[in-house]
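Asks: Here's my sequence, what's the structure:
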Amino acid sequence: MLDETLDLLIDEVAKLVPDVVLGAIFLVTGLLTAMLGVATLLGVATVGWSPRFGGVLTAVGALLVVGVVVWWYR
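Replies: Numbering: from 1, shown residues only. Below you'll find the predicted structure:
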């Protein structure tokens, strides 16, 4: 029941928002995540996070950016 409701909600949002806008949102999110991850990994951000968490943030941000670029290339 919950799965069907979420599926319907995501489908309706995907129909309303153009692909370019979703790609731009994911691209900006990926760039900000990668930037925060690199800063944490290098110890510049004094937020108290570990370098391992910075590496994970960098990887997630890079995957978001590469995914959007590949999606737009196709």
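Asks: Only C-alpha atoms from now on, for both contacts and neighbour counts.
Replies: OK.
Asks: what about stretch 14-31, average pLDDT?
Replies: Stretch 14-31 shows a mean pLDDT of 86.
Asks: Would you mind listing the outside residues contacting that stretch?
Replies: Here stretch 14-31 makes contact (Cα atoms under 8 Å, 6 or more residues apart in numbering) with 60, 61, 62, 63, 64, 65, 68, 72.
Asks: who wins for most neighbours among the residues you listed?
Replies: Counting by other Cα atoms under 10 Å, residue 61 has the largest number of neighbours within the contacts of stretch 14-31, with 25 neighbours.
Asks: circling back: next step: the contacts of stretch 14-31 restricted to helices.
Replies: 60, 61, 62, 63, 64, 65, 68, 72 (DSSP state H).
Asks: would you turn those residues into TSV with distance to residue 32 and pLDDT?
Replies: As requested, the ones in helices among the contacts of stretch 14-31 are exported to TSV (distance: Cα to Cα, whole Å; pLDDT from 0 to 100):
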residue	distance to residue 32	pLDDT
60	10	91
61	7	91
62	10	91
63	12	90
64	10	89
65	10	90
68	14	88
72	19	80
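Asks: contacting residues for residue 64?
Replies: Residue 64 sits next to 26, 27, 29, 30 when contact means Cα under 8 Å, 6+ apart.
Asks: Check residue 32 too.
Replies: Going by Cα under 8 Å, 6+ apart, residue 32 touches residue 61.
Asks: buried ones in the strand or helix carrying it?
Replies: Using DSSP states H and E, residue 32 sits in helix 19-42. For helix 19-42, the neighbour count (16 or more other Cα atoms under 10 Å) marks 23, 26-27, 29-41 as buried.
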